[in-house]
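Engineer: Just need the structure, nothing else, for what follows:
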Amino acid sequence: KTAMTDSIWTGAPGDAAGGGAGNGDIKERLREAFNEQRAKLRPWGEVFGKISKPGSLGEAQKRLTVNIHYFQANYLAVSIFFLAYCILTSPTLLISAIILTAGLLVYWRKIQQRQPLVVMGRTLAPREMLAILLAFCLPLLFFGNIGAAFFWVIGATIFFSGLHAVMVPVQLQLQGESLV
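Structural biologist: Numbering: from 1, shown residues only. Predicted coordinates for the structure are as follows:
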């Protein structure tokens, strides 16, 4: 190692200069959140089992409130499906997502191993690695119309979740567990 490569990694493991930022902690928290949502996932037969029109506006409001909480993990799964659909049906977004994911994986691995990235004889600091990755991917995401895809996913998720929540009776949810 040279003095220059040592100086890149001089920050403490959790500070921004070192770039380490406690990646193990973040990875563990993401794993816990994923497992928690997966445990809350209701069977899809239950999600689409019994659907009926609410009798009144008050009943629709009650259904919406109870079902949004009860089927929360399923609605998250639906929004992830909508996001995947947007990315897979847009070649520019797909290419951008692949490049961004690959670049972030290389960046994360280099940070974990505390190895600098050397490009054409120049050692890049962690911040420079991210800056180059973003400078390359942001125009692709812009031309892939990521903003429209993002708002479409949000709108489709709200529409689907709201419509579903209003159409599913709450008797089964109220019998099985406390929802508040």
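Engineer: What helix or strand is the residue nearest the centre of the chain located in?
Structural biologist: With distances taken as CA atoms, centre = their mean, the residue of the chain nearest its centroid is Ile80 (7.7 Å). Taking DSSP states H and E as the criterion, Ile80 maps to helix 72-88.
Engineer: Likewise for Val118?
Structural biologist: Assessed by DSSP H and E, Val118 sits inside strand 117-119.
Engineer: And that strand, what does it pack against?
Structural biologist: If you count contacts as 3 or more CB pairs under 8 Å, 6 or more residues apart in numbering; DSSP states H and E, strand 117-119 packs onto strand 122-124. Every residue, glycine included, has its C-beta placed from N, CA and C.
Engineer: Sort out which residues of the helix or strand hosting Glu36 are buried, please.
Structural biologist: Here Glu36 sits within helix 23-40, counting by DSSP H and E. Within helix 23-40, not a single residue qualifies as buried, counting by 16 or more other CB atoms under 10 Å.
Engineer: right, and Leu124 touches Pro116 too?
Structural biologist: Yes: using CB atoms under 8 Å, Leu124 is in contact with Pro116, at 6.5 Å.
Engineer: Looking at those two now, which is surrounded by more residues?
Structural biologist: Legend: neighbour count by other CB atoms under 10 Å for Leu124 and Pro116, higher for Pro116 (21 against 17).
Engineer: hang on, the earlier thing: distance from the helix holding Glu36 to the middle of the chain?
Structural biologist: 12 Å (CA atoms, centre = their mean, to the nearest Å).
Engineer: Next, the angle from that helix to helix 72-88.
Structural biologist: Between helix 23-40 and helix 72-88, the angle comes out at 110 degrees (axes from the mean of the first three to the mean of the last three CA atoms, to 10 degrees).
Engineer: contact partners of whichever helix or strand comes after helix 23-40?
Structural biologist: Per DSSP H and E, the first helix or strand lying C-terminal to helix 23-40 is helix 44-47. Residues external to helix 44-47 that are found in contact with it (CB atoms under 8 Å, 6 or more residues apart in numbering): Phe71, Asn74, His164, Val168, Leu172.
Engineer: Which strands and helices lie in contact with the helix holding Glu36?
Structural biologist: helix 72-88, helix 91-113.
Engineer: JSON lines for the ones you listed, including mean pLDDT?
Structural biologist: Converted to JSON lines, the helices and strands packed on helix 23-40 look like this (pLDDT from 0 to 100):
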{"stretch": "helix 72-88", "mean pLDDT": "93"}
{"stretch": "helix 91-113", "mean pLDDT": "87"}
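Engineer: ranking the ones you listed by burial, who's on top?
Structural biologist: Mean neighbour count (mean count of other CB atoms under 10 Å) peaks for helix 72-88 among the helices and strands packed on helix 23-40, with a mean of 16.
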